[in-house]
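Visitor: Predicted model and sequence follow; I will ask about them next.
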Amino acid sequence: MPRTDRTLSNLRGSAALAAAAAGIMLLAACGSSSQETSSPGSVAPAAATGTLSSICPSTVKIQSSWYPQPAKGALYQLVGANGAVDTKNGSYSAEVDGVTISVLAGGPFLGNQSVMARMYQDPSILLGEVSTDDAIEVSAKQPVVGVVATLQKSPKAIVFDPATYPDLTSISQVAASGATVLKAGEDGSSDLLVGNGTLTSSQLDYSYDGSPGRFVTAGGKDMLVDYADVATYKYEHLKQWGKPLKSLLLADAGYTPYENSLSVTPANKAKYGDCLKALVPMVQKAVVSYAANPTPVNEAMEKYAVQAKSPTTLTPEADAYSVDYMKKLGVMGAGSDGVPGSFDTARVDKLVADMAPAIKAQHLTTKDGLSASDLVTNEFLDTSLTMG
C-alpha cells in the first residue's frame, strides 16, 4: 500500500487536517438534512455517446480523492450542475443517459483509506481518482489502470515569496537556496526530487499541516510544497500575509505523474469494457466543457462544499483563479497528442524508471516488469475530440 503519510492531496486549499477530522463529526450530525438538491445553473451533463443503461452498472460510481474543487471539476461536469447532494454519504448524483452517475467524495468519507484500497474493497466503484505514482507503488497488490486523464500535470508546486527570493526562476535552484521547504509528509514527489537533486533531504520539513502559521511567522524565508492553484490565491488574500507568491511546478523538475486520473481495476476493465467505450468519451467532453465554462459547475461545487461542511473553502473568485491557473500552466488541457484525456506512455515509462530508486529505498514491491501498458491505456478515448 502507498504510505499513509501521503497527505498533501488532502490539503488542497491548505485546509488543516484537524478541520478534516472535524468534518467527519459534522457530516455525521447532518441527520435529516442529508439529502439536498443543488440547482445553481442550467448546464447539462456532458453529451452522451450511447445508451449507458444497457452496458453500464445502474449506478456508475466514481470515487474522488477529496471534496469538490476545481481540479475535480470535470467529474462534477459529467454529472451536471443540477446534481443531487447527499451529505450523509458524500455523493453528488444525477441520471445521465439512463444510469445514475454518482461522484463520491474522498477524505474523511474514505476513513483514511486510499482510493485504490476502497476500489478493491468495493468493486461496485467503477472509476477512482488515482495518481500515477500511487498506481506504481501498489502495482503488485492493488493494480489499477488509468483510462482518462482529467488533468495533464500535477498542480503541486514549490510556492515561495518572490520578495525574499527575487532571483529564483527555476525549480532547479531550490536546493542551492538553502530554504526550508515545508511539506505535508514524505511521498513519491519528495523522494523523487531529493533523488534527482532538486531538493536536499535536510531542507525538507514534513510537518506542514496546511495552516499558514509557520510560513507567515518565517516572514517568507520558508517555501511550501502545496497545490499552487489554491495556495497562491489563498496567501495573497490572507490577512496575515496579503502579498503575491510565485510557484514552480514540480512537473518541471521531473515529478510527472498524471494527477488523479480516472482509473479502473483490471477486473472491472474486463467486465465493463463496453461501458468504458461509451463513458470515457463523455468524461473527455466534460473536461472540455468544464474548461470552457466552469462557472455553473463551480457554483454547484461551492454549494455542495457548504452543505457537506468541507474543510476546503470554495469561493467564486478563488475557483475562477484556480481554473485560470491550471489552464495557463497546462495542468488542465489536452494531452501531448492534442486529445483531451490522453496519456503519454513514454512519459509514464520514464516515471516508472525515475521512481525506481525511491521505491527501492522504501522497500516497496512493484509488479515485475512494470511498464506504461500496465498503468494507463488510451483505448477507450475518442481521439477525434480536441480542447476547442
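Guide: Sure, I can see it.
Visitor: How much space separates residue 83 from residue 59?
Guide: Noted for residue 83: a distance of 13 Å to residue 59, by Cβ to Cβ, to the nearest Å. From N, CA and C alone the C-beta is placed, and that goes for glycine too.
Visitor: Next: residue 367.
Guide: Taking Cβ to Cβ, one finds residue 367 at 31 Å from residue 59.
Visitor: Point to the residue nearest the middle of the chain.
Guide: Central residue of the chain (Cα atoms, centre = their mean): residue 260, 4.3 Å from the mean position.
Visitor: dump the residue contacts of that residue.
Guide: Going by Cβ atoms under 8 Å, 6 or more residues apart in numbering, residue 260 touches 9, 64, 65, 71, 72, 129, 130, 131, 150, 151.
Visitor: again with residue 373
Guide: residue 345.
Visitor: Kindly list the main-chain dihedrals of it?
Guide: For residue 373, the backbone dihedrals (degrees, to the nearest 10) come out as phi -60, psi -20.
Visitor: Check residue 341 too.
Guide: Dihedral angles (degrees, to the nearest 10) for residue 341: phi 90, psi 0.
Visitor: And residue 145, by the same measure?
Guide: phi -120, psi 120.
Visitor: what's the neighbour count on it?
Guide: Counted by other Cβ atoms under 10 Å, the residues lying close to residue 145 total 19.
Visitor: Grab the nearest non-local neighbour of residue 359.
Guide: Nearest residue to residue 359 in three dimensions, chain neighbours excluded: residue 366, at 6.1 Å (Cβ to Cβ, 6 or more residues apart in numbering).
Visitor: again, but for residue 348
Guide: residue 372 (3.8 Å).
Visitor: mind listing what the one you found touches?
Guide: Neighbours of residue 372 in contact, by Cβ under 8 Å, 6+ apart: 343, 345, 346, 348, 349, 352.
Visitor: I figured residue 382 hits residue 283, correct?
Guide: No: using Cβ atoms under 8 Å, residue 382 is not in contact with residue 283; the gap is 10.0 Å.
Visitor: what pLDDT does residue 10 get?
Guide: Residue 10 carries a pLDDT score of 47 in this model.
Visitor: One more: residue 361?
Guide: 82.
Visitor: what's around it, how many residues?
Guide: Neighbours of residue 361 (other Cβ under 10 Å): 11.
Visitor: which ones are touching the residue nearest to it when sequence neighbours are not counted?
Guide: Nearest non-adjacent residue to residue 361, counting by Cβ to Cβ, 6+ apart: residue 191, 7.0 Å away. Residue 191 makes contact with 355, 358, 361, 362, according to Cβ under 8 Å, 6+ apart.
Visitor: got these as TSV, with secondary structure columns?
Guide: Formatted as TSV, the contacts of residue 191 follow (DSSP: H, G, I helix; E, B strand; the rest coil):
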residue	secondary structure
355	helix
358	helix
361	helix
362	coil
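Visitor: Now rank these by neighbours and give me the top one.
Guide: residue 355 (27 neighbours).
Visitor: in the stretch 151-300 of the chain, which spans are helices?
Guide: 174-177, 188-195, 213-217, 228-236, 266-271, 273-292, 295-307 (DSSP state H, counting those that start in this stretch).
Visitor: least reliable of those helices going by mean pLDDT?
Guide: helix 188-195 (a mean of 86).
Visitor: Please name whichever of the helices of the stretch 151-300 of the chain is nearest to residue 104.
Guide: Judged by Cβ to Cβ, the one of the helices of the stretch 151-300 of the chain that comes nearest to residue 104 is helix 295-307, at 12.3 Å.
Visitor: other SSEs contacting that closest one?
Guide: If contacts are counted by 3 or more Cβ pairs under 8 Å, 6 or more residues apart in numbering; DSSP states H and E, helix 295-307 sits against helix 73-79, strand 84-86, helix 316-328.
Visitor: pull the CA atoms of the first one into PDB?
Guide: Right, the one you point to is helix 73-79. Below are the C-alpha coordinates for helix 73-79, written out as PDB (Å, rounded to 0.1, in the frame of the first residue of the first chain):
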ATOM      1  CA  GLY A  73     -14.500  19.900 -11.900                       C
ATOM      2  CA  ALA A  74     -14.700  17.500 -14.900                       C
ATOM      3  CA  LEU A  75     -16.200  14.900 -12.600                       C
ATOM      4  CA  TYR A  76     -19.000  17.200 -11.500                       C
ATOM      5  CA  GLN A  77     -19.400  18.500 -15.100                       C
ATOM      6  CA  LEU A  78     -20.100  14.900 -16.100                       C
ATOM      7  CA  VAL A  79     -23.000  14.800 -13.600                       C
END
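Visitor: Can you give me the buried ones in stretch 137-151?
Guide: 137-139, 142-151 (16 or more other Cβ atoms under 10 Å).
Visitor: whoops, stretch 198-212 was the one
Guide: 198, 199, 203, 204, 208, 209, 210, 212.
Visitor: Between the two ends of it, how far is it?
Guide: Stretch 198-212 has an end-to-end distance of 24 Å (Cα to Cα, to the nearest Å).
Visitor: So for that stretch, mean pLDDT?
Guide: Mean predicted lDDT for stretch 198-212 stands at 91.
Visitor: same deal with stretch 146-164?
Guide: pLDDT averaged over stretch 146-164 gives 97.
Visitor: where along the chain do the strands fall?
Guide: 35-37, 59-63, 84-86, 91-96, 99-104, 125-130, 145-148, 156-160, 181-182, 204-205, 223-227, 246-249, 261-264 (DSSP state E).
Visitor: For the ones you listed, which has the smallest mean pLDDT value?
Guide: Averaging pLDDT over each of the strands of the chain puts strand 35-37 lowest, since it has a mean of 42.
Visitor: which one of the strands of the chain lies closest to residue 110?
Guide: strand 59-63 (7.9 Å).
Visitor: The closest one: partners in the sheet, and parallel or antiparallel?
Guide: strand 99-104 (parallel), strand 125-130 (parallel) (DSSP bridges).
Visitor: Cheers, nothing more for now.
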